[in-house]
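Please work out how this folds:
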Amino acid sequence: MTLKIGIDVGGTFTDFVVARDADPPRIYKTLSTPADPSIAVVEGLAQIAAAMNPPLALEDFARSIDTIVHGTTVTTNATLTSTGARCALLTTEGVRDALEMRRGIREEQYNNRYTNVRPLVPRARRIGIPGRIDRDGGETAPLDLDAVRKAVALWRAEGVQAVAVCFMNSFANGAHEHAAAEIVRREMPEAYLSVSTEVLPSIRFYERVSTTALNAYVGPKLGHYLEQLLGRLAGVGFGGLLLIMQSNGGVISPQAARDKAALTLLSGPAGGPGAGLFYVGVHGQDRCITTDMGGTSFEASVAVGAPMVKNDGEIARHKIALPMLDIHTIGAGGGSIGWLDEGGLLRMGPQSAGADPGPACYGRGGRLPTTTDANVVLGYLDPAFFAGGHMTLDLQAARRAIDEHIARPMGLSIEQAAAGMYRVACNNMAQGVREVTIKRGFDPREFPLIPGGGAGPIHGCLICSELSIPLQVVPREASVLCAFGMLMCELRHDFVRTFVARLQGIDWMRLAAQVEAMAAQGTRLLTEERIAPARQRVELRLDCRYIKQYHEVSVVLPLAVIERRDAGAIARAFHAEHQRLFGYSLEAEGAAVEIINVRLQAIGSTDRPAYRSEAPGHADARGALKGRRSVYIPERDAFADVAVYDGHRMHCGHRLEGPALVEQQTTTIFVSDSYDCAVDAFGSFVLYAKGRADLAGAGAARAKEEAIA
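Numbering: from 1, shown residues only. Prediction:
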């Protein structure tokens, strides 16, 4: 029997999903330990071992684990809190201020108080070295090796922990970077080294230097954490395979994560989109909006056939140009703090109470009102059944916090203030969904919503009402959605090379050689990670643009296009994607198209857990009724007595009308007045707009077909 565990370390909770062969997944949560996240990982494993039937000693359980897939927020938090390594930058003479100058564009044109982001490397530790490579890779001035040695000696004396090396035009010829890197390795062996030709060998200097510096900034912290994690796991007897979640939705080995730490900057939420596609598949859908509402943040993403990937982005306003899932993050979690701005308007977040001290209702010393406190006051959370009854919430502490900081200053009752907090939080999250749908050219009404995270299903209906989304699919594993998605991920390695050529004049032999070299490198890495050749594949993307455009559009193409030397297929794919993204193309005008970058992804498939579907039964869910309680109904702006159901006793075919609550040990689902609910073949709760029962029928039909087969 194979045992796989997905682990997602969040700011408030650490989530675990345990999958054993075809058994239904089991869910566990433990409070995170921000000072050393690996402690919560081992504590969670101990909790799982004790819950096994029969209970196991931690060491015996750890030895039985085949694979752990681990997502971490270590690099994300280091960047957001400016607590990364003391790092330095070695670059070309005359351009050391590129990190500060950025693109030279004012990012908020109408904000007179807007200031530039503080560079990850201060100016005193950015040193320019004489020497130059031109854009074609020719050396116009030799590298001054003595200047490199002097810089390294200075940094060694200053206690620099990481060094970034990024020279102009090194994407065309990396000889200068390799020579400088060799000196750093020899004279500062203890320092973390980040070299642009190893991290991002592509055109555009600012994006490259920013990504390289960011990799250096977070590298030592991630390396230290992985050492702690590997040590603790080895100490309890784990000898299986540990895989680290990447920002691109794939997994890599711990060593690969150490070498390119920036690949993990969206490690935590990257499992969500793939899990979302899994759960909507039973309904015949190949697209969805996935959200994840944790204790600190709210993430939203779109998947169409596959999770959406972008080749550049920002984290804490620092540019990163590595492939990553298109995930938009805002500070809107269960621990987000409610406050009044200078004009007396109610705001929620981005400040968070986190895991320590946590919301006021946790009774751990928190005194500020949070989203979770509002949910308790509004009746969505049962104080005696939080975390399945393992943790009791203090309703009176929540009321006091809201009364002191929100209700009295605004002249409202506690319930009115809590309702306002709930609505503002939901509006913030709806805006986050707009960022990944409407701003990307998608109509959110055409996508089912997958609300993940422990608090997500409480807010899903109001988000859907705001965006006119008629369908939600709430998995039983919603509270650990990202950890579940991690179990379904493949190993992925991304490669990029700049290759500038007009489609009419491509050097096909040179292009084929470039693709073959990247594919060979990917094959070598996957083979080292014990992936059999039959389970390896590669996917090709080309970054293209119209002549004189600045931004490129990335298009997916079969490798056969290169073999056939089919420039027409490349052009057609580019025109179609440009039309989808921007609403127009210049195909009819015969506008020339050029390639800028060649991207290749080497993928190794891994064993995925199998989950059995359930044949539909009767629709009457009264057998799962737990009781009734007073709950705030947003559509009525009033409290009402609603039915509360035990989600663990609901099965495929059960239906109920909103408003209602469905409680599970790790999450609560609020079915508002505008929605009804049915249980599908995988046990997911399908919430559909009243009068649209047809939207929930696909899952039951699929289960019936499988049962007959």
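
from here on, contacts and neighbour counts on C-alpha atoms
Will do.

any low-confidence regions in this protein?
1, 22, 106, 108-109, 355, 609-612, 697-709 (pLDDT under 70).

Dead centre of it: give me the residue that sits there.
P269 (2.8 Å; C-alpha atoms, centre = their mean).

residues touching it, list them.
Counting by C-alpha atoms under 8 Å, 6 or more residues apart in numbering, P269 touches G71, D292, E299, I327, C482.

what's the burial count for the second one?
Residues near D292, counting by other C-alpha atoms under 10 Å, number 28.

Check the last one too.
Other residues near C482 number 33, with proximity taken as other C-alpha under 10 Å.

picking that back up, relative to Q416, how far out is the residue nearest to the centre of the chain?
With the distance defined as C-alpha to C-alpha, to the nearest Å, P269 ends up 33 Å from Q416.

Can you show me the strands along the stretch 501-650 of the chain?
536-546, 553-557, 593-604, 625-633, 638-646 (DSSP state E, counting those that start in this stretch).

Kindly reformat the ones you listed as JSON lines containing mean neighbour count and distance to E446.
Shown next, in JSON lines, are the strands of the stretch 501-650 of the chain (neighbours: other C-alpha atoms under 10 Å; distance: least, C-alpha to C-alpha, whole Å):
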{"stretch": "strand 536-546", "mean neighbour count": "20", "distance to E446": "27"}
{"stretch": "strand 553-557", "mean neighbour count": "19", "distance to E446": "23"}
{"stretch": "strand 593-604", "mean neighbour count": "23", "distance to E446": "29"}
{"stretch": "strand 625-633", "mean neighbour count": "17", "distance to E446": "26"}
{"stretch": "strand 638-646", "mean neighbour count": "18", "distance to E446": "29"}
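
Which of those strands sits closest to T392?
Across the strands of the stretch 501-650 of the chain, T392 has its closest neighbour in strand 625-633 (17.3 Å, C-alpha to C-alpha).

residues in contact with R580?
Counting by C-alpha under 8 Å, 6+ apart, R580 touches G441.

try 10 Å this time
By C-alpha atoms under 10 Å, 6 or more residues apart in numbering, R580 lies in contact with R440, G441, F442, F574.

Most neighbours out of those, which is it?
F574 (27 neighbours).

Excluding sequence neighbours, find me the nearest residue to that residue.
V555 (6.2 Å; C-alpha to C-alpha, 6 or more residues apart in numbering).

hey, where'd the helices end up in the stretch 301-450 of the chain?
Using DSSP state H, counting those that start in this stretch, the helices of the stretch 301-450 of the chain run over 371-377, 395-402, 408-410, 414-436.

angle of the longest one against strand 638-646?
Same thing as helix 414-436. If you take axes from the mean of the first three to the mean of the last three C-alpha atoms, to 10 degrees, helix 414-436 sits at 70 degrees to strand 638-646.

ok now do the residue nearest to F574, which residues does it touch?
Counting by C-alpha under 10 Å, 6+ apart, V555 makes contact with 540-544, 570-571, 573-578, 599.

from these, which single one is nearest E190?
Checking these against E190 with C-alpha to C-alpha, the nearest one is R599 at 32.4 Å.

on that earlier part again, please tabulate the contacts of V555 in JSON lines and include distance to R123 as additional columns.
Below are those laid out as JSON lines (distance: C-alpha to C-alpha, whole Å):
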{"residue": "L540", "distance to R123": "39"}
{"residue": "R541", "distance to R123": "37"}
{"residue": "L542", "distance to R123": "36"}
{"residue": "D543", "distance to R123": "33"}
{"residue": "C544", "distance to R123": "35"}
{"residue": "I570", "distance to R123": "43"}
{"residue": "A571", "distance to R123": "44"}
{"residue": "A573", "distance to R123": "44"}
{"residue": "F574", "distance to R123": "41"}
{"residue": "H575", "distance to R123": "43"}
{"residue": "A576", "distance to R123": "44"}
{"residue": "E577", "distance to R123": "41"}
{"residue": "H578", "distance to R123": "40"}
{"residue": "R599", "distance to R123": "33"}
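
how much space is there between L586 and L145?
The value you get for L586 to L145, if C-alpha to C-alpha is used, is 49 Å.

Comparing the two, which shows the higher neighbour count?
L145 (16 against 13).

isn't that one right up against I183?
Yes. Shown here, L145 and I183 form a contact pair, counting by C-alpha atoms under 10 Å, at 8.4 Å.

ok, T264 - contacts?
T264 is in contact with 71-76, 215, 218, 222, 244-249, 251-252, 257-258, 270, 324, counting by C-alpha under 10 Å, 6+ apart.

Just to be sure, which of those are found in helices?
V74, T75, T76, N215, V218, L222, A257, R258 (DSSP state H).

ok, the fifth one - contacts?
Okay, so that is V218. Contact analysis of V218 by C-alpha under 10 Å, 6+ apart lists 74-79, 82-87, 162, 192, 258, 260-262, 264-265.

the helices in the stretch 51-200 of the chain, which residues?
Using DSSP H, counting those that start in this stretch, helices in the stretch 51-200 of the chain cover 58-63, 74-80, 98-101, 145-158, 175-187, 196-199.

quick revisit: only whichever of the ones in helices among the contacts of T264 are buried, select them in ChimeraX.
To isolate the buried members of these in ChimeraX, using 16 or more other C-alpha atoms under 10 Å:
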select :74,75,76,215,218,222,257,258
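
still on that earlier bit, quick check on the contacts of V218: which are buried?
74-79, 84-87, 162, 192, 258, 260-262, 264-265.

gap between C87 and K150?
16 Å.

if we can go back for a sec, tell me the one of the contacts of R580 nearest L346?
So of these, ranked by how close each gets to L346 (C-alpha to C-alpha), first place is R440, at 29.1 Å.

Provide the count of other residues in contact range of the residue nearest to that closest one when sequence neighbours are not counted.
Once flanking residues are discounted, R440 sits nearest to L581: 6.8 Å by C-alpha to C-alpha, 6+ apart. For L581, the number of neighbouring residues by other C-alpha under 10 Å comes to 14.

Is L581 in contact with G441, as I believe?
Yes. At 5.9 Å, L581 counts as touching G441 under the criterion of C-alpha under 10 Å.

Stretch 368-385: which residues count as buried?
Neighbour-count burial for stretch 368-385 [16+ other C-alpha under 10 Å]: 368-383, 385.
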